[in-house]
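In: coordinates for the following, if possible.
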Amino acid sequence: MAAAVLRRLGSLDAVLEPFLRREPPPEVRQVLRIGAAELLLLATPPHAAVASCVDLVPRPFAGLVNAVLRKVGAEGAAALEDLDGERLDTPGWLWTAWHKAYGPGVRAIARAHRLPAPLDLSLKAGTALPEGAILLPTGTVRLPAGTRITELPAFIDGAAWAQDAAAALPARLLAARAGERV
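Out: As a prediction, this is how the structure comes out:
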């Protein structure tokens, strides 16, 4: 949920704005963002998303959260369709820097940053590849975005751990051995 909110913050705020007469306290705004992400991006059933968010806010704001999220849920994913998501979800300073460096390519970069990342794993020697995984040339194992690491037998057995492909490279290049300090 947190990753979805951070990735799509500008779009979520744009969807919420028409339903807010004045700015709610920051903690209520965050709960509204979480609820909107659940409803629009994470396929959470509307009753569950609304109820859990109402439970998270102080009582005086429960009615507001309930009403706003019900309206967002009624609009559904269509609420995101006419928005300039790439621009809204990229901080202004970053958009400017990317545009300066890459020109019109900034949209493709911003679009890629809105997508969930795959799950990269490092495996103990001799551990079989998890089902659906691909072995990258660097030795890292990659699974699709949304894979639940806690459900992988290799992770449960302690034979796999989450480690981004780039983060795994130095250890592989240095060929560090047990007991060495690198």
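In: what pairs with the longest strand along the chain, parallel or antiparallel?
Out: Within the chain, and with DSSP state E defining each element, the longest strand by residue count is strand 119-123. Sheet pairing here is set by DSSP bridges, and for strand 119-123 it gives strand 141-143 (antiparallel), strand 160-162 (antiparallel).
In: deepest in the core, which of those strands is it.
Out: Between the strands paired with strand 119-123, the one whose residues have the most neighbours on average, counting mean count of other CB atoms under 10 Å, is strand 141-143 (a mean of 21). In this view, the C-beta of every residue, glycine as well, is placed from N, C-alpha and C.
In: which residues sit against the longest strand of the chain?
Out: For strand 119-123, contacts defined as CB atoms under 8 Å, 6 or more residues apart in numbering pick out 129-130, 133, 136, 139-145, 147, 149, 152, 154-155, 159-165, 168.
In: could you identify the buried members of the residues you listed?
Out: 130, 133, 140-143, 147, 152, 154-155, 159-160, 163, 165, 168 (16 or more other CB atoms under 10 Å).
In: among the residues you listed, which are in helices?
Out: Assigned to helices by DSSP state H, the following of those qualify: 154, 155, 165, 168.
In: pretty sure the last one is touching residue 139, no?
Out: Yes. The pair formed by residue 168 and residue 139 meets the contact definition of CB atoms under 8 Å, at 7.1 Å.
In: coming back round to it: I'd like the strands paired with strand 119-123 as a markdown table, with distance to residue 102 appended.
Out: As requested, these are arranged in a markdown table below (distance: least, CB to CB, whole Å):
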| stretch | distance to residue 102 |
| --- | --- |
| strand 141-143 | 25 |
| strand 160-162 | 30 |
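In: how about those, which one is nearest residue 35?
Out: Each of these has some distance to residue 35 by CB to CB; the shortest is strand 160-162, at 27.4 Å.
In: mean confidence for the closest one?
Out: Confidence over strand 160-162, taken as the mean pLDDT, stands at 96.
In: also stretch 32-42?
Out: Along stretch 32-42, the predicted local confidence has a mean pLDDT of 97.
In: where's it relative to the chain centroid, distance-wise?
Out: Its chain's C-alpha centre lies 11 Å from the corresponding centre of stretch 32-42 when counted by CA atoms, centre = their mean, to the nearest Å.
In: residues of it that come out buried?
Out: 32, 33, 34, 35, 36, 37, 38, 39, 40, 41.
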